[in-house]
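1. turn this into a structure:
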Amino acid sequence: MHLEARGLIYDAATKPDTERIAFFTGLCPLRSGAILCSFQVGPSKHAPSATLRVCRSRDGGTTWQELPHDFATALDGVPGSLAAGEMVEAEPGRLLLFATWFDRSDPNRPLFDPVTEGILHARQLLAVSADEGDTWSQWRVLPTPGLTGCATTGPVLRWADGTIAHAFESFKEYDDPKPGHHAAWLLISRDGGRTFDQPSRVAQHPEHRLFYWDQRLCTGAAPGEFVALFWTHDRQEKRDRNVHFLRSSVGVPVRELPRETTIPGQIAAGPLSAAVTAAAVSIESFGSL
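-> The predicted model follows:
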């Protein structure tokens, strides 16, 4: 692997203090040849005033333009912050942006409560653009019935048949004193994001000992097929385990738990291509790495 080129998308040094921290970057190449980049900005990481910005390049990533749209951070009159904007071109020229909204009605509350281990009340949001990101629709709340402590965990998947999957995880909310039961999920749409199936569970430990955090999925060759990698935490031993791995398909009940590799680390991701499927077959044929 070699570096072909490099460039600067967003120079935080030239921005006001309210936008000096930029993180959680997501890229979305379009059929037109343009590239969009979304990221969270704020005065600090996960600040109560954090919001999203989108930049666009029309020359292969050499130069970038910050787009003018300001995303609403209040939801039904409740002040909030936005995190992890992830985009996909559902149909030619029609873009979807998924984000997580956190309730910031009490700005003194951090995102994560170290006592209960819960997170702020959250919602999964969707906005649509028909002009390559210049303007976006109002936020639409995506249903996650029965799930709490939800947050976006990685890029949106799209298969050749048009199926789209939004990756997120559930845990528990800020004031909940009960032990948390973590799980990794997908919200699946087969009509360009107009409607979504009930959440589909990707991974959950039966004894809730392991947390399969920050799932990163790659599409496979067959419709709905995917490979998933997980930052895995052992709650009983209070330590991170090696990266875990799972191969499955949307719409198919997941009957196996993710398997541990010999790769240490936290968030892990592979290339978003069908080639990963062949790699997954090789991994499974050798057993755990």
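2. is there a neighbour count for G154? I'd like the number.
-> Neighbours of G154 under the rule other Cβ atoms under 10 Å: 22. In this view, the C-beta of every residue, glycine as well, is placed from N, C-alpha and C.
3. pretty sure it contacts R216?
-> Yes: judged on Cβ atoms under 8 Å, G154 makes contact with R216 at a distance of 4.6 Å.
4. so what sits against both of those two?
-> By the contact definition Cβ atoms under 8 Å, 6 or more residues apart in numbering, G154 and R216 are jointly contacted by A167, A269.
5. give me the secondary structure label for T18.
-> Three-state assignment for T18 (DSSP: H, G, I helix; E, B strand; the rest coil): helix.
6. quick one: it from G42, how far?
-> 7 Å (Cβ to Cβ, to the nearest Å).
7. can you list the strands that the helix or strand hosting L246 pairs with?
-> Using DSSP states H and E, L246 sits within strand 244-249. Here strand 244-249 is paired, per DSSP bridges, with strand 225-234 (antiparallel), strand 259-260 (antiparallel).
8. dump those strands into CSV; add mean neighbour count, distance to V202 and mean pLDDT as well.
-> Converted to CSV, the strands paired with strand 244-249 look like this (neighbours: other Cβ atoms under 10 Å; distance: least, Cβ to Cβ, whole Å; pLDDT from 0 to 100):
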stretch, mean neighbour count, distance to V202, mean pLDDT
strand 225-234, 22, 6, 96
strand 259-260, 15, 14, 96
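9. out of these, the one nearest E66 is which?
-> Proximity to E66 (Cβ to Cβ) singles out strand 225-234 among those, at 30.5 Å.
10. pull the CA atoms of the closest one into PDB?
-> Only the C-alpha atoms of strand 225-234 are listed here, as PDB (Å, rounded to 0.1, in the frame of the first residue of the first chain):
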ATOM      1  CA  GLU A 225     -24.000 -10.400   3.100                       C
ATOM      2  CA  PHE A 226     -21.600  -8.700   5.500                       C
ATOM      3  CA  VAL A 227     -18.500  -9.000   7.500                       C
ATOM      4  CA  ALA A 228     -18.400  -7.300  11.000                       C
ATOM      5  CA  LEU A 229     -15.500  -6.300  13.200                       C
ATOM      6  CA  PHE A 230     -16.000  -5.300  16.900                       C
ATOM      7  CA  TRP A 231     -14.100  -3.500  19.600                       C
ATOM      8  CA  THR A 232     -14.800  -6.100  22.300                       C
ATOM      9  CA  HIS A 233     -14.800  -5.400  26.100                       C
ATOM     10  CA  ASP A 234     -14.900  -8.000  28.800                       C
END
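11. and the next helix-or-strand element following that strand, which strands flank it?
-> Reading on from strand 225-234 to the C-terminus, the next helix or strand found by DSSP H and E is strand 239-240. Strand 239-240 has its sheet partners listed here by DSSP bridges as strand 225-234 (antiparallel).
12. from what I can see S249 touches E225, true?
-> Yes: counting by Cβ under 8 Å, E225 is a contact partner of S249 at 4.8 Å.
13. how much space between the nearest residue to H244 once chain neighbours are set aside and D197?
-> In space, H244 comes closest to P258 once its chain neighbours are excluded; the distance is 3.7 Å by Cβ to Cβ, 6 or more residues apart in numbering. Applying Cβ to Cβ, the value for P258 to D197 is 22 Å.
14. mind checking which of those two has more residues around it?
-> P258 (23 against 13).
15. thinking A268 is in contact with V243, fair?
-> Yes: counting by Cβ under 8 Å, A268 touches V243, with 4.5 Å between them.
16. can I see the domain layout of this structure?
-> 1-204, 210-289 (automatic domain parsing).
17. lowest-confidence stretch among the ones you listed?
-> Of all the domains of the chain, mean pLDDT reaches its minimum on domain 210-289 (a mean of 79).
18. how far off centre is it?
-> How far domain 210-289 lies from its chain's middle: 15 Å, per Cα atoms, centre = their mean, to the nearest Å.
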